[in-house]
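Visitor: My questions concern the predicted model and sequence given below.
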2 protein chains.
Amino acid sequence: MQDESEVAVLRYGHRPGRDDRMTTHVGLTARALGADRVIFPDNASQSEETVEDITGRFGGPFTVERTTELDGTISGWQGTVVHLTMYGERIQDVEAAVRAAHRDQPLLVVVGGEKVPFEVYEAADWNVGVTNQPHSEVAGLAVFLDRLFEGQELTQEWTDADRRVLPQDCGKQVVDPDKVSAGEHPSGRGGEGDASESSK
Amino acid sequence: MQDESEVAVLRYGHRPGRDDRMTTHVGLTARALGADRVIFPDNASQSEETVEDITGRFGGPFTVERTTELDGTISGWQGTVVHLTMYGERIQDVEAAVRAAHRDQPLLVVVGGEKVPFEVYEAADWNVGVTNQPHSEVAGLAVFLDRLFEGQELTQEWTDADRRVLPQDCGKQVVDPDKVSAGEHPSGRGGEGDASESSK
């Protein structure tokens, strides 16, 4: 987030078609929950496009990149590397240390896709498990970021957005940030921008 | 979780094929992060099978069900209903009230899939947004459950498991809970049970 050391998320591995939606959700979750940047494998162009589209509409700052050098991104990282894996140390045991490291230097969060080689475990400063149960790399990333930022990511400001959702107890309200207000009823433009429909 | 009011997660909507993986991840995230039960739409049999398989191997208690009555499940719920949506009230503003309600009565968490009708917004006691940004229903569920249980879900006990992952700073160790120990090197049975490979 702004005024802090950078947090980048690296999606390690991607199978076009099969992984498009998961990789897109990794990118959107990284953006929504406070990371500054997501780095996708070179073959994830469709996910890149979707995340860039959302950033264009809902604001930034947030950057999407693709790389042919997954391992090089890790080995060349100037800062701390965390690898999220169900085999790792318990997040509740290491989160304070990770947070302290992030105060001083940039953090790279590696999120596995297809099989992650042992070299990634060795290269990481921390292998971290959000539970030691099998669930979802998207869920693991979300809990990790919420704990890393201690909830501060929930109130971050977005710039250059062409729409903003105003919290409602019932219904949907989307406004143009440059105008005072523009109400919207869910039976009107319902569904647009809904989390479940924002990705491919 | 045990010794608490029930928490059930209802996946509202499912498109076979297209949504299999997301629906499975909703179920696995519900299980790993402290819910007692997931209810899938009737057409999500493949996701049901995967979540049951994981529960059989990694333990319970956790129940998977399917229903033809998504709306009936909500309207007939004896307790509190939370609907997760990017249009809802900010989680940081309502989580304490939701937690207080859950102390007294069962909680149903509705997670949208395809377009969610306005009736669901009306039927919910709370419409809750984990940010008002588009990201992932799996990420939203994960952060919601972690905050609902205030991290206690990370230390829950699993029963009737035939394997348990022991947290490691580098590598993978999976043991038979009934035996003292059984080490495993990642270069051996690497990948089995990895979060990214546990679902279809």
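Guide: In hand now; what should we look at? Every value quoted in this text rests on a predicted model; they were computed, and no experiment measured them.
Visitor: In chain A, which strand is the longest?
Guide: Here the longest strand in chain A is taken by residue count, with DSSP state E as the criterion, and it is strand A:80-90.
Visitor: Now it: average pLDDT?
Guide: Throughout strand A:80-90, pLDDT has a mean value of 98.
Visitor: Same check on stretch A:158-178?
Guide: Confidence over stretch A:158-178, taken as the mean pLDDT, stands at 95.
Visitor: Where does pLDDT dip in chain A?
Guide: Chain A contains residues with pLDDT under 70 at A:180-200.
Visitor: Once you drop chain neighbours, what's closest to the spatially most central residue of it?
Guide: For chain A, the residue whose C-alpha lies nearest the mean C-alpha position (CA atoms, centre = their mean) is residue A:30; its distance is 1.0 Å. Residue nearest to residue A:30 in three dimensions, not counting chain neighbours: residue A:9, with 4.1 Å by CB to CB, 6 or more residues apart in numbering or on different chains. In short, each C-beta sits where N, CA and C put it, glycine included.
Visitor: can you give me the strands for chain A?
Guide: Using DSSP E, the strands found in chain A span residues A:7-12, A:37-41, A:63-67, A:80-90, A:107-112, A:126-129, A:164-165, A:174-175.
Visitor: Could you export those strands to TSV, including columns for distance to residue B:96 and mean neighbour count?
Guide: Formatted as TSV, the strands of chain A follow (distance: least, CB to CB, whole Å; neighbours: other CB atoms under 10 Å in any protein chain shown):
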stretch	distance to residue B:96	mean neighbour count
strand A:7-12	27	24
strand A:37-41	32	24
strand A:63-67	35	16
strand A:80-90	26	24
strand A:107-112	29	25
strand A:126-129	28	24
strand A:164-165	22	20
strand A:174-175	27	16
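Visitor: okay, those in CSV with distance to residue A:150 next?
Guide: Shown next, in CSV, are the strands of chain A (distance: least, CB to CB, whole Å):
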stretch, distance to residue A:150
strand A:7-12, 13
strand A:37-41, 20
strand A:63-67, 23
strand A:80-90, 16
strand A:107-112, 14
strand A:126-129, 16
strand A:164-165, 23
strand A:174-175, 28
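Visitor: Check the gap between residue A:98 and residue B:132 for me.
Guide: Residue A:98 sits 27 Å away from residue B:132, going by CB to CB, to the nearest Å.
Visitor: Can you pick out the residue with more neighbours from these two?
Guide: For residue A:98 versus residue B:132, neighbours defined as other CB atoms under 10 Å in any protein chain shown are more numerous around residue B:132 (24 against 19).
Visitor: how about the more buried one, what does it touch?
Guide: If a contact means CB atoms under 8 Å, 6 or more residues apart in numbering or on different chains, then residue B:132 has A:164-167, B:86-88, B:90 as its contacts.
Visitor: again, only this time at 6 Å
Guide: Under the criterion of CB atoms under 6 Å, 6 or more residues apart in numbering or on different chains, the contact list for residue B:132 reads A:165, A:167, B:86.
Visitor: on that earlier part again, and the longest strand of chain A, how far out from the chain middle?
Guide: Here the centre of mass of C-alpha atoms in strand A:80-90, compared against the chain's by CA atoms, centre = their mean, to the nearest Å, lies 16 Å away.
Visitor: quick one on the thing from earlier: quick one: which of the contacts of residue B:132 is nearest residue B:23?
Guide: Checking the contacts of residue B:132 against residue B:23 by CB to CB gives residue B:86 as the nearest, at 18.7 Å.
Visitor: Isn't the closest one up against residue B:129?
Guide: Yes - with contact taken as CB atoms under 6 Å, residue B:86 and residue B:129 are classed as touching, separated by 5.1 Å.
Visitor: Show me the helices in chain A, by range?
Guide: For chain A, helices defined by DSSP state H occupy the ranges A:20-32, A:45-58, A:70-75, A:91-104, A:118-123, A:137-148.
Visitor: gap between residue A:174 and chain B?
Guide: Going from residue A:174 to chain B by CB to the nearest CB, to the nearest Å gives 8 Å.
Visitor: wait, that residue sits on residue A:166?
Guide: No - Residue A:174 sits out of contact with residue A:166 when judged by CB under 6 Å, with a separation of 7.5 Å.
Visitor: ok, back up a step: what's the most buried one of the helices of chain A?
Guide: The densest packing among the helices of chain A, expressed as mean neighbour count by mean count of other CB atoms under 10 Å in any protein chain shown, is seen in helix A:20-32 with a mean of 28.
Visitor: Tell me what angle it forms with strand A:7-12.
Guide: Angular relation of helix A:20-32 and strand A:7-12 on a 0 to 180 degree scale: 170 degrees, by axes from the mean of the first three to the mean of the last three CA atoms, to 10 degrees.
Visitor: contacting residues around helix A:20-32?
Guide: A:9, A:11, A:14, A:38, A:44, A:46-47, A:50-51, A:62, A:111, A:138, A:141-142, A:199-200, B:131, B:133, B:135-136, B:139.
Visitor: can you check stretch A:10-19 too?
Guide: By CB under 6 Å, 6+ apart, the list of residues contacting stretch A:10-19 reads A:23, A:26, A:39-41, A:43-44, A:70, A:73, A:108, A:110-114, A:116.
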